[in-house]
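> requesting a structural model of the entry that follows:
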Amino acid sequence: MAETSARGRALSEAELQELVAASDSGARNPAGSVGLFLAAVALAWSLFQVALASPLVNVILPGDIINNSRQIHLAFAIFLAFCAYPALKSSPRRHIPVQDWIFAASGAFIAMYGYVFYDKIVQSGGLADNTDKWVALAGLVLLFEAARRALGPAMAIIATIFLVYVFFGASPWVPEVIRWKGASLQKAMSHMWITSEGVFGIALGVSAKFVFLFVLFGALLEKAGAGNYFIKMAFGALGHLRGGPAKAAVVGSAATGLISGSSIANVVTTGTFTIPLMKRVGFTSEQAGSVEVASSVNGQIMPPVMGAAAFLMVEYVGISYVEVIKHAFLPAMISYIALVYIVHLEAVKRNMPTLGDRVVSLGRTVGGMFAFFVGFAALCYLVQYPIGWVVALVPEGAGWVLAASVFVAYVALLALAATGPDLEPDDPNAEDVRLPVVSEIYKSGLYFLLPIIVLVYFLMIEQKSPGLSAFWATALLFAILLTQRPLKALFRGGREIGAAARAGAVDLIAGLIAGARNMIGIGLATATAGVIVGTVTLTGIGQVMADLVEFVSGGNLVLMLIFVGLLSLILGMGLPTTANYIVVSSLMAGVVVELGAQSGLIVPLIAVHLFVFYFGIMADVTPPVGLASFAAAAVSGGDAIRTGITAFFYSLRTIALPFVFIFNTDLLLIDVTWVQGILVFVVATVAILVFTAGTMGWFLTKNRIHESVALVLIAFMLFRPDYFMNQLQPPFEDLPPAQLEQALAEAAPGDTIRIRVAGPDYVTLSPKETSLAITVGDEQGGAARLQATGLLPVEMDDAITLEEPMLGTPFATTLQGFDFYGDDPVRIAALRVPRPQLPQELMFLPALLLLAGVAWLQRGRLQREGVPA
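Numbering: from 1, shown residues only. Take a look at the predicted model:
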């Protein structure tokens, strides 16, 4: 791919499809009976996962299969990986060699080992015997090879390094800072394969329970034609504006990213149409590819799927799925808004022409799109009321009535769609490009919104599990794929209904097969990442990473975050979204929390996970391994390295936002009211646009250096008003630690009191410190409130020392790294109580005045140059 890009030749459509297949679903597609067999296996996997997510799962499947679903899930993934992915570039594509059949069958059997020999493993307490350990080792070797084929060498190499560290961590050639006692083969294999601490851990469980259904949902929605509909709607709305193809690419990729777990597939799917049109209006090959890369990779941070990471965050952070979506929504939205603005500025700077001769208003277009999204969100929210009325009227038969109502709505929308022609993909290289008219095409795909409404309703309103929500949305897609063709034929005069019905059945089966093949890499990624997670829990390498980052950063919090971001980028190189999130969060999330606490910053865990996630997905952009950049260069014919560098520059906002929400959690809508949330959205949008103008060197006209610096400063003031207000009015007052009980008594319920704890480390005995945030409860009196915290302060020699908190109390886990029984006591080093402070929003006023000043300067310059302002 890199050679192709370097020569400046864009790949053909067939070559691009092979590229996507090679990365997402396997490049090998044998014909004949073998091909039918592989298709049947993939189909069986999809049907098994649908049954597993069904509310009738306990009736459909035996209990032992449900309990061992992770083993069955991995068995399907390994079997299909060896069959669908060739071992080498020179390996055959049209048939499966004998050794691959052997690897596939062996890998599937070993994955099922815990299911087949369940009774023996239970009796042994999960400890591997002599046979188990060799079978487990063989399983890991086959898993790593399957991962190498499906995901490239990066994942297998990283997992192998961690496994070697497990065995040889005590060797003298291991640097002393990361040395540990090592583990025997029996202990390591028990941990990695036999128990649920390693390969069959949380990540693979999430893949089996939730991720598969969402990937299948996306594949079925694409097979139904929704992807083409979204792209056409985006081009119809934005294609005629200046830089319109690039703006449409951003919006189209955002819509595709909502349901896609692959940035590479997103690049190729939307890029084959958008990149040629971007080049047509004046973007270079590298710029066109970069816009597509930036927008496609951003699709991975877009709720509700977030490249499947959202479901892992539920398990790792311990909050509900709705909470994850709420926290992730605002940064993703403003990031996309900024990307549209980047494209607009590039078009203005280059005075790019528009496509077509239709005159459109930017204000009306933006207003119309905003009205659509608000209306869609309102519909998803308001639908709960008629549903509530139905449930109240017919409580026993409400499910059937609601299902019938959805089907009636579907038939009505399909009848509307049948009044016009089906949407066919356009040729971006045609001499006369006629972009679609929204008012003419919108009705042809409105029924595609129904499964999304069902999904959002069950997730956000009913707050059902992600798996069950995806099941009902997928069940509706089953009905759509089976009936849309014959019903359209019926509405259009009743011709060839039988052929249309057969075509619909073929579409459904093809979608089920595609969904399973798209899951091979994700299933293997989550299983292989389990080895890394298992290594962290077995060896305690997480604490070592914290010490290493603290040493390199010199204790400076910002430098520490930069270093963690760089490590996340490196660890994420060459990994798919799901895998890189597991890897970087396992190693880096605890580091940020611990070192933040040592620096006096209490960081919510969800903010930390989003921080490492944002940097992990940037590995898809950055050279030399940025897979999405290589894919875009293959489409555009541009240079892959230059494409990656330009895409990285376009993605600066995605790098800046994590630093902002670590320090200002309002951006994640944590502990904010509705009014505050709206204000945060408006101000954050202005801030990201100002930041974009500053970094792009263009606001109303070309910036001078001092204007760019001022714009970046304004953005910082809008994002972090608390920083400037804290310089004017410190938010906390320092008190003697002995006044802790008195401070608790005088504080109002809900206030936060901070204490700094210092003492010897439990392992190294070296001095360490951490900060605790005590949320004052409703208890009466300081003593009762102190008791509720679980802290046990003792006054000793003019100091307040702490005894070890009881297990189960709020800070028992946080303080478990301190040695409470050594010669040096653990003590309260500082006590800080909140003090009255003016609203931090007052800092918006000088920021906006400074922005007005920059606008005034540039407007005056434009008028002097004779350019209309």
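
> tell me the SS of residue 795?
strand (DSSP: H, G, I helix; E, B strand; the rest coil).

> and it, how far from residue 810?
Separation of residue 795 from residue 810 (CB to CB, to the nearest Å): 22 Å. To be clear about C-beta, it is placed using only N, CA and C from the backbone, and glycine gets the same treatment.

> between these two, who's got more neighbours?
Neighbour totals were compared for residue 795 and residue 810, and residue 810 leads with 14 against 10 (other CB atoms under 10 Å).

> touching, that one and residue 786? I think so.
No. At 11.6 Å, residue 810 does not count as touching residue 786 under the criterion of CB atoms under 8 Å.

> phi first, then psi, for residue 813.
For residue 813, the backbone dihedrals (degrees, to the nearest 10) come out as phi -70, psi -40.

> and the one 4 residues further on, by the same measure?
Note on residue 817: its backbone torsions stand at phi -80, psi 0 [degrees, to the nearest 10].

> looks to me like residue 482 is in a strand.
No. Looking at residue 482 with three-state DSSP, it is helix, so not inside a strand.

> list the buried residues in stretch 156-169.
The neighbour-count check on stretch 156-169 (16 or more other CB atoms under 10 Å) flags 156, 158-160, 162-163, 165-166, 169 as buried.

> nearest to residue 613 among those residues?
residue 158 (17.1 Å; CB to CB).

> name the SS class of the closest residue to residue 827 other than its chain neighbours, please.
Using CB to CB, 6 or more residues apart in numbering and skipping the chain neighbours, the partner closest in space to residue 827 is residue 801 (4.8 Å). Following three-state DSSP, we place residue 801 in the strand state.

> residues near residue 383, how many?
A count of neighbours around residue 383, defined by other CB under 10 Å, yields 16.

> for it, give me its contacts.
Applying CB atoms under 8 Å, 6 or more residues apart in numbering to residue 383 gives the contacts 453, 457, 461.

> likewise for residue 316?
The contact partners of residue 316, taken as CB under 8 Å, 6+ apart, are 202, 585, 589, 609.

> what's the separation between it and residue 536?
12 Å.

> where does residue 690 fall, secondary structure wise?
helix 674-696 (DSSP states H and E).

> just the mean pLDDT for that helix, thanks.
Taken as a whole, helix 674-696 has a mean pLDDT of 92.

> picking up where we left off before, of the contacts of residue 383, buried ones?
By neighbour count, with 16+ other CB under 10 Å, the contacts of residue 383 hold 453, 457 as buried.

> need the longest helix for this structure.
helix 497-539 (DSSP state H).

> ranges for the strands of the stretch 151-300 of the chain?
With strands called from DSSP state E, counting those that start in this stretch, the stretch 151-300 of the chain shows none.

> and the longest helix of the chain, what other elements does it pack with?
helix 32-53, helix 69-84, helix 130-151, helix 153-168, helix 202-206, helix 212-224, helix 466-491, helix 577-584 (3 or more CB pairs under 8 Å, 6 or more residues apart in numbering; DSSP states H and E).

> now render the ones you listed as JSON lines, adding mean pLDDT and distance to residue 805.
Supplementary listing: the helices and strands packed on helix 497-539 in JSON lines, determined by pLDDT from 0 to 100; distance: least, CB to CB, whole Å:
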{"stretch": "helix 32-53", "mean pLDDT": "93", "distance to residue 805": "41"}
{"stretch": "helix 69-84", "mean pLDDT": "94", "distance to residue 805": "35"}
{"stretch": "helix 130-151", "mean pLDDT": "91", "distance to residue 805": "38"}
{"stretch": "helix 153-168", "mean pLDDT": "87", "distance to residue 805": "32"}
{"stretch": "helix 202-206", "mean pLDDT": "87", "distance to residue 805": "27"}
{"stretch": "helix 212-224", "mean pLDDT": "87", "distance to residue 805": "40"}
{"stretch": "helix 466-491", "mean pLDDT": "92", "distance to residue 805": "35"}
{"stretch": "helix 577-584", "mean pLDDT": "77", "distance to residue 805": "30"}
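
> for residue 744, find the nearest of those helices.
helix 202-206 (36.7 Å).

> just checking, residue 542 touches residue 587?
Yes. Shown here, residue 542 and residue 587 form a contact pair, counting by CB under 8 Å, at 6.6 Å.

> higher neighbour count, these two?
residue 587 (24 against 18).

> you'd agree that one is in a helix?
Yes. Checked against three-state DSSP, residue 587 lies within a helix.

> quick one: residues contacting it.
For residue 587, the contacting residues are 532, 536, 541-542, 545, 567, 571, by CB under 8 Å, 6+ apart.

> if we go to 7 Å?
536, 542, 545, 571 (CB atoms under 7 Å, 6 or more residues apart in numbering).

> before we move on, the earlier item: with the contacts of residue 383 in mind, which one is nearest to residue 249?
The closest of the contacts of residue 383, once distances to residue 249 are taken by CB to CB, is residue 453, at 25.6 Å.

> need the contacts of residue 383 in JSON lines (columns: pLDDT and secondary structure).
Listed next are the contacts of residue 383 as JSON lines, based on pLDDT from 0 to 100; DSSP: H, G, I helix; E, B strand; the rest coil:
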{"residue": "453", "pLDDT": "87", "secondary structure": "helix"}
{"residue": "457", "pLDDT": "85", "secondary structure": "helix"}
{"residue": "461", "pLDDT": "80", "secondary structure": "helix"}
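
> looking at the contacts of residue 383, which is nearest residue 227?
Using CB to CB, residue 453 is the member of the contacts of residue 383 that sits closest to residue 227, with 17.8 Å.

> helices along the stretch 701-850 of the chain, start to end?
Taking DSSP state H, counting those that start in this stretch, the helices of the stretch 701-850 of the chain run over residues 705-719, 721-728, 740-746, 782-789, 844-864.

> and the ones you listed as a markdown table, adding distance to residue 323 and mean pLDDT?
A markdown table is the format used below for the helices of the stretch 701-850 of the chain (distance: least, CB to CB, whole Å; pLDDT from 0 to 100):
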| stretch | distance to residue 323 | mean pLDDT |
| --- | --- | --- |
| helix 705-719 | 22 | 95 |
| helix 721-728 | 23 | 90 |
| helix 740-746 | 28 | 91 |
| helix 782-789 | 24 | 90 |
| helix 844-864 | 28 | 93 |
